[in-house]
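Chemist: with the sequence up front, the predicted model follows.
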Amino acid sequence: MTASLLTQSFLFKKILGQEQAKRLLWNALKNKRIAPAYIFYGPEGVGRRLAARFFAAALNCAELGCGVCPSCHKILNDQHPDVSFIYPEVKDIKIENVREIQRMMSLKLYEGKWRIVVLDPADSLNETSSNCLLKILEEPPAFSSIILISRNPYNLLPTIQSRAQDVAFYPVSLLQIEQTLREEGFEQEQAHFLSRASLGCFGRLEGLKSAKGKENREQILKILTAVSQSSVKKVLQYSEKLVLASREQGREYLLEVFDFLVLWYRDLLWIKSQGCEEGLFYPVEKKELMQQAQRLSLKDIQSGLIWLLEAVGLLKHNAHAELTLVATFLRLMGGFGTKEISL
Ligand SMILES: [Zn+2]
């Protein structure tokens with residue numbers, strides 16, 4: 001092992017921020033004290049999945065995660081027979097999912113040094129599946145570990161929590177994200193916008209960095225223009241488009257759209273209350289924002305923010321997508337003067 005690998009493996013260095021989590025995992029690797037189960041918790045896109053994959057690679061690599069040996073290569077490409085990722089239904093982890101973990105854990109190691117099973121996400125284990133998982137954790141097979149990916153460890157039963165090692169992941173600084181994006185070749189303004197939109201979670205940018213992401217952003221700006229022009233016809237058209245796109249890309253897509261709308265209203269609030277044009281999420285659209293802020297009252301903007309956040313809650317609870325969108329846009333339109341609404 002080279003001297004640099006003693007400080008940190010190649011793969012671990014690729015995780016942005018998360019010094020505390022990396023230190024904890026690195027110490028476990030160095031001291032060969034691996035817990036039978038881990039709970040990697042933190043917000044969406046913060047790096048929990050990447051860290052789980054890198055940890056599995058490091059455990060099975062002679063150089064603790066070189067990233068290029070056959071074992072690392074297989075794990076990074078989902079082809080290693082001893083490392084499995086289980087993706088249950090988000091809302092209900094069925095007993096079959098946990099039995100699958102049980103079956104995998106009972107297998108002999110095929111070619112690796114450690115068997116790793118990642119349950120992603122593990123937040124919605126019901127009572128039966130929790131108890132089944134608990135049985136595995138009570139008698140863990142040697143050289144095996146389960147990684148539970150979670151938003152919040154308190155979503156899991158205390159009995160499961162007590163048998164697993166918590167590993168916390170936190171949003172990283174926006175400046176750090178902006179610098180990384182600049183290194184990736186993004187222009188200053190785009191890097192600035194994306195870093196702010198990431199809310200400190202680099203993984204949230206996956207969709208946005210792509211051409212598709214740029215397209216989505218343009219869609220959102222079109223909707224905002226239609227809302228500010230009180231054009232019901234256009235709002236209906238765009239709502240339908242968004243819903244169609246979400247059928248392809250999943251409901252997460254709509255939530256992402258709403259995140260952007262919330263950020264837009266945050267900028268309006270910023271301009272209206274602080275009279276400030278700096279520190280905007282949308283610096284490129286400053287002119288449009290200033291015009292809208294002038295037309296809206298502070299109360300309109302506050303209400304708009306509340307309605308958008310309410311819509312996020314409704315969408316998360318499977319409300320009718322198109323109706324939620326249309327109703328929210330019409331409410332926002334009210335701020336621009338209901339008398340001017342045109343078809
Ligand atoms: Zn390797």
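Modeler: Yes, it's here.
Chemist: give me the contact list for stretch 98-105.
Modeler: Contact with stretch 98-105 is made by 84, 86, 115, 117, 119, 125, 129, 132-133, 135-136, 140-141, 144, 146, as judged by CB atoms under 8 Å, 6 or more residues apart in numbering. Backbone N, C-alpha and C define where each C-beta goes, glycine included.
Chemist: and the residues you listed, which of them are buried?
Modeler: Buried by 16 or more other CB atoms under 10 Å: Ser84, Ile86, Arg115, Val117, Leu119, Leu125, Ser129, Cys132, Leu133, Ile136, Ser144, Ile146, out of the contacts of stretch 98-105.
Chemist: what's near enough to touch the first one?
Modeler: Put plainly, it is Ser84. Contact analysis of Ser84 by CB under 8 Å, 6+ apart lists Met104, Ile116, Val117, Val118.
Chemist: what of the fifth one?
Modeler: Applying CB under 8 Å, 6+ apart, one finds that Leu119 lies in contact with Ile86, Pro88, Ile93, Asn97, Ile101, Ile146, Ile147, Leu148, Ile149.
Chemist: repeat that with 6 Å
Modeler: Applying CB atoms under 6 Å, 6 or more residues apart in numbering to Leu119 gives the contacts Ile86, Leu148.
Chemist: what parts of this structure come near the ion?
Modeler: Counting by CB under 5 Å from the ion, the chain comes close to the ion at Cys61, Cys66, Cys69, Cys72.
Chemist: just the pLDDT at Phe193, thanks.
Modeler: pLDDT recorded at Phe193 is 78.
Chemist: now do Gln8
Modeler: What the model reports as pLDDT for Gln8 is 63.
Chemist: before we move on, the earlier item: among the residues of the chain next to the ion, name the ones in helices.
Modeler: Cross-referencing the residues of the chain next to the ion against helices under DSSP state H gives Cys72.
Chemist: just the buried residues of the residues of the chain next to the ion.
Modeler: Cys61, Cys66, Cys72.
Chemist: could I get those residues as a markdown table with distance to Phe260 and pLDDT?
Modeler: Output for these, formatted as a markdown table (distance: CB to CB, whole Å; pLDDT from 0 to 100):
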| residue | distance to Phe260 | pLDDT |
| --- | --- | --- |
| Cys61 | 39 | 94 |
| Cys66 | 39 | 90 |
| Cys72 | 36 | 95 |
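Chemist: now, which of the residues you listed sits nearest Leu289?
Modeler: Of all those, Cys72 has the smallest distance to Leu289: 46.3 Å, by CB to CB.
Chemist: low pLDDT regions in the stretch 1-150 of the chain?
Modeler: Within the stretch 1-150 of the chain, the segments meeting pLDDT under 70 span 1-8, 90-91.
Chemist: how does it look with 50?
Modeler: For the stretch 1-150 of the chain, the stretches with pLDDT under 50 are 1-7.
Chemist: so the residue lying closest to Tyr110 once chain neighbours are set aside: helix, strand or coil?
Modeler: Take Tyr110 and drop its neighbours on the chain: the residue closest to it by CB to CB, 6 or more residues apart in numbering is Pro81, 4.1 Å away. Following DSSP: H, G, I helix; E, B strand; the rest coil, we place Pro81 in the coil state.
Chemist: and Pro81, how far is that from Leu107?
Modeler: 9 Å (CB to CB, to the nearest Å).
Chemist: repeat for Arg115
Modeler: For Arg115 relative to Leu107 (CB to CB), the value is 7 Å.
Chemist: and the nearest residue in space to Tyr87 that is not next to it in sequence, how close does it get to Ile146?
Modeler: Nearest residue to Tyr87, sequence neighbours excluded (CB to CB, 6+ apart): Asp120, at 5.7 Å. Here Asp120 is placed at a distance of 11 Å from Ile146 (CB to CB).
Chemist: contact partners of the host helix or strand of Lys234?
Modeler: Per DSSP states H and E, Lys234 falls inside helix 232-249. Residues outside helix 232-249 that contact it (CB under 6 Å, 6+ apart): Ile223, Ala226, Tyr253, Leu254, Ala321, Glu322, Leu325, Val326, Phe329, Ile341, Leu343.
Chemist: ok, now stretch 161-176?
Modeler: Everything outside stretch 161-176 that qualifies as a contact, by CB under 6 Å, 6+ apart, is 16-18, 21, 24, 35, 37-40, 42, 46-48, 137, 153, 195, 200-201.
Chemist: got it, and stretch 304-321?
Modeler: Taking CB under 6 Å, 6+ apart as the rule, stretch 304-321 contacts Val243, Leu254, Leu255, Phe258, Leu261, Val262, Tyr265, Thr324, Thr328, Arg331, Leu332, Gly335.
Chemist: element containing the fourth one, please.
Modeler: I take that to be Phe258. Per DSSP H and E: helix 251-274 holds Phe258.
Chemist: could you export that helix as CSV, CA atoms only?
Modeler: Below are the C-alpha coordinates for helix 251-274, written out as CSV (Å, rounded to 0.1, in the frame of the first residue of the first chain):
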residue,chain,number,x,y,z
ARG,A,251,-42.9,12.2,-9.6
GLU,A,252,-39.5,13.3,-8.4
TYR,A,253,-39.4,15.4,-11.5
LEU,A,254,-42.4,17.5,-10.5
LEU,A,255,-40.8,17.9,-7.0
GLU,A,256,-37.7,19.2,-8.7
VAL,A,257,-39.7,21.7,-10.7
PHE,A,258,-41.4,22.9,-7.6
ASP,A,259,-38.0,23.3,-5.9
PHE,A,260,-37.1,25.7,-8.6
LEU,A,261,-40.3,27.6,-8.4
VAL,A,262,-39.7,27.9,-4.6
LEU,A,263,-36.2,29.3,-5.3
TRP,A,264,-37.8,31.8,-7.7
TYR,A,265,-40.2,33.0,-5.1
ARG,A,266,-37.3,33.1,-2.6
ASP,A,267,-35.5,35.5,-5.0
LEU,A,268,-38.7,37.6,-5.3
LEU,A,269,-38.9,37.8,-1.5
TRP,A,270,-35.2,38.7,-1.3
ILE,A,271,-35.6,41.6,-3.7
LYS,A,272,-38.8,42.8,-2.3
SER,A,273,-37.8,42.7,1.4
GLN,A,274,-34.1,43.5,1.2
